[in-house]
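In: Here is the input, now give the coordinates:
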Amino acid sequence: MEPEDYDRLLAELAPDLPSEVVTLATAAGRRCAHEVSARHPVPRFPTSAMDGFALDAAALAAARAGEEVSVVGDVPAGHPAPGLEPGTALRVMTGAHVPDSAEAVVPVECTDAEPTGTAPAAIRFSDLPQGIGRGWNIRAIGEDTAVGDVILSAGDPITDAGIGTLAMLGIGALDVIRPLEVGLIVTGDELRAGQSVAADEQAANPAGLIHNSNLPMLAAAIRGLGGIAHTRVCDDDPTRFEALLAELAERTDLIITTGGISQGAYEVVRTALEGSHSTFGRVAMKPGGPQGHGRFRGTPLLHFPGTPAAAHLSFHLFARTFFEGRALSQRWRRTVLTGRDLAGHRRGVTLLPGRFTSTGEVEAAGRARLPDFARAEAIIRVPPAPATVRVGDIVEVLCC
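Out: Numbering: from 1, shown residues only. Next up, the predicted model:
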């Protein structure tokens with residue numbers, strides 16, 4: 001099956017996370033637990049969109065006729081506006097309260113008044129546009145947000161603009177989905193935890209000098225999506241592996257493993273779980289074809305290949321669905337391919353690292369190794385052979 005079909009299969013594993021109330025200061029990056037709608041309009045009162053003068057209909061007619069108009073008050077932002085006497089003007093600042101009887105706000109640059117200093121006693125107008133209608137440069141009640149407008153839907157990520165909108169509505173706390181607690185088990189006898197290698201150690205066992213890149217990489221990916229990572233390393237002993245699963249199943253919402261799922265003799269994950277807890281197979285994608293999924297004591301399991309590039313891709317294609325609440329098929333974006341043609345592979349979808357140009361097109365790297373993904377801004381999806389995506393064609397990408 002193709003990646004999107006496999007992702008849909010995994011949807012039934014998604015945990016139902018509870019919500020928690022957090023302050024606005026800590027809500028960024030979280031997902032909204034319930035729909036949030038506006039309880040009051042924004043703005044709550046008519047406000048000026050310009051620094052200028054509020055005029056009623058009679059004063060605006062006098063201004064069009066070239067007559068002088070008296071200024072009877074000055075309204076800074078944050079202060080209530082006095083009543084507007086017929087045929088007169090009020091000086092108003094941007095965001096200031098505009099009286100209901102005002103017909104329009106004329107910008108200060110259309111008058112003979114100085115932009116700063118005390119308000120003048122009277123003003124004359126020049127360069128007035130034709131066809132000024134009621135409400136010119138006046139923001140009406142509810143113009144930005146009306147009562148009942150949906151601000152955030154359940155599951156929406158809370159962005160900086162979302163924070164600003166909630167603050168604008170006077171909302172200081174809200175219900176968000178609790179962070180996903182993820183157990184991460186990286187398997188393999190060959191992996192070492194430290195980064196330094198002594199000369200005698202290298203001479204004694206050069207085969208055991210593979211640095212553990214999957215653990216810090218996937219832990220960073222989990223944290224980057226707002227999750228909490230509980231990291232473990234396991235050798236190829238099934239008993240020790242099952243003990244780690246039992247420990248993490250008690251405290252996490254999801255467990256991700258890497259390595260040990262192919263057809264070899266020392267596939268610890270497959271040996272421990274196949275037939276009893278997990279199903280293993282191949283997804284039509286390259287790299288990252290071997291995949292597995294299941295449950296252990298009710299906790300969902302995702303099993304990724306141990307090859308770093310394949311583990312990286314598997315996380316972004318499949319694990320992100322659990323964090324974002326959106327299926328893989330909904331997360332692909334479309335753009336134009338540049339650089340070189342991309343031929344499909346007979347074994348399924350090809351996934352390549354790509355970078356965007358200044359004009360928004362995407363160009364593929366020459367290879368699909370982890371160092372190539374380190375500089376990537378997107379994952380490019382190339383359909384299976386005999387398809388070929390040519391320069392200038394539309395291609396699907398997953399931003400990463």
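In: and Asp51, how far is that from Ile123?
Out: With distances taken as C-beta to C-beta, to the nearest Å, Asp51 is found 13 Å from Ile123. All C-beta atoms are positioned from the backbone trio N, CA, C, and that covers glycine.
In: my bad, Arg139
Out: 22 Å.
In: Mind checking which of these two has more residues around it?
Out: Per other C-beta atoms under 10 Å, whichever of Arg139 and Ile123 has more neighbours is Ile123, with 23 against 19.
In: Can you check the pLDDT for the spatially closest residue to the more buried one that is not a sequence neighbour?
Out: Spatially, and ignoring its direct neighbours in sequence, Ile123 is nearest to Thr111 (4.5 Å; C-beta to C-beta, 6 or more residues apart in numbering). Thr111 is assigned 95 on the pLDDT scale.
In: Help me confirm that Thr111 comes into contact with Phe125.
Out: Yes - assessed by C-beta atoms under 8 Å, Thr111 is found in contact with Phe125 at 5.5 Å.
In: tally of neighbours for Arg134?
Out: Arg134: 10 neighbours (other C-beta under 10 Å).
In: Identify the residues contacting it.
Out: Ala57, Glu103, Ala104 (C-beta atoms under 8 Å, 6 or more residues apart in numbering).
In: what about it, which SS state?
Out: Classification of Arg134 by DSSP: H, G, I helix; E, B strand; the rest coil places it in coil.
In: With Pro129 instead?
Out: Under three-state DSSP, Pro129 comes out as coil.
In: now it: how far from Ala63?
Out: On the measure of C-beta to C-beta, Pro129 and Ala63 end up 12 Å apart.
In: Helix or strand next in line after the worst-scoring helix or strand of the chain on mean pLDDT, which one?
Out: Least confident helix or strand of the chain, by mean pLDDT, DSSP states H and E, is helix 199-204 with a mean of 50. For helix 199-204, the following helix or strand on the C-terminal side (DSSP states H and E) is strand 210-211.
In: For that following strand, what does the pLDDT average out to?
Out: 76.
In: And for stretch 89-99?
Out: 96.
In: neighbouring contacts of it?
Out: 45-55, 59, 69-84, 102, 105, 113, 119-120, 123, 138.
In: Stretch 228-235 now?
Out: Counting by C-beta under 8 Å, 6+ apart, 179-189, 191, 193, 212, 215, 218-219, 222-223, 240-241, 244, 247-248, 251-252, 268 sit against stretch 228-235.
In: repeat for stretch 364-378
Out: Contacting residues not belonging to stretch 364-378 are listed as 213, 217, 287, 308-309, 312-313, 337, 339-340, 342, 350-356, 362, 379-380, 397-400 [C-beta under 8 Å, 6+ apart].
In: What about those residues, which are in helices?
Out: Met217, Pro308, Ala309, His312, Leu313 (DSSP state H).
In: Next, format those as TSV and append pLDDT and distance to Asp5.
Out: Shown next, in TSV, are these (pLDDT from 0 to 100; distance: C-beta to C-beta, whole Å):
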residue	pLDDT	distance to Asp5
Met217	97	26
Pro308	95	25
Ala309	96	22
His312	98	21
Leu313	97	16
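In: out of those, who's nearest Thr23?
Out: Proximity of those to Thr23 (C-beta to C-beta) peaks at Met217, which lies at 31.5 Å.
In: Please report how far that closest one lies from Leu184.
Out: Separation of Met217 from Leu184 (C-beta to C-beta): 10 Å.
In: of the two, who's got more company?
Out: Leu184 (24 against 19).
In: Could I get the contacting residues of the more buried one?
Out: Leu184 neighbours (C-beta under 8 Å, 6+ apart): Leu215, Leu218, Ala219, Ile222, Ala229, His230, Thr231, Arg232, Ile255, Ile256, Thr257, Thr258.
In: contacting residues for Ala319?
Out: Applying C-beta under 8 Å, 6+ apart to Ala319 gives the contacts Ala221, Ile222, Leu254, Ile256, Leu302.
In: Can you tell me which of these has the most neighbours?
Out: If you rank the contacts of Ala319 by neighbour count (other C-beta under 10 Å), Ile256 sits at the top with 27 neighbours.
In: That residue sits in which helix or strand?
Out: Counting by DSSP H and E, Ile256 is part of strand 254-258.
In: Check which helices and strands that strand is in contact with.
Out: Packing partners of strand 254-258 (3 or more C-beta pairs under 8 Å, 6 or more residues apart in numbering; DSSP states H and E): strand 181-187, helix 214-224, helix 238-249, strand 299-304.
In: Mind doing that once more with 7 Å?
Out: Secondary-structure packing of strand 254-258 (3 or more C-beta pairs under 7 Å, 6 or more residues apart in numbering; DSSP states H and E): strand 181-187, helix 238-249, strand 299-304.
In: Run the chain-centre distance for that strand.
Out: Centroid separation for strand 254-258 versus its chain: 23 Å, with C-alpha atoms, centre = their mean, to the nearest Å.
In: Same check on stretch 359-368?
Out: Offset of stretch 359-368 from its chain centre (C-alpha atoms, centre = their mean): 22 Å.
In: Just the mean pLDDT for that stretch, thanks.
Out: Regarding stretch 359-368, the rounded mean pLDDT is 94.
In: Pull out the buried positions in that stretch.
Out: Using 16 or more other C-beta atoms under 10 Å as the test for burial, stretch 359-368 gives Glu361, Val362, Glu363, Ala364, Ala365, Ala368.
In: Distance of Ala246 relative to Ala219?
Out: 21 Å.
In: Which one of these two is surrounded by more residues?
Out: Ala219 (18 against 12).
In: so how many other residues sit close to the closest residue to that one other than its chain neighbours?
Out: Residue nearest to Ala219 in three dimensions, not counting chain neighbours: Ala229, with 4.2 Å by C-beta to C-beta, 6+ apart. Other residues lying near Ala229 total 19 when counted by other C-beta under 10 Å.
In: Thanks again, I'm all set now.
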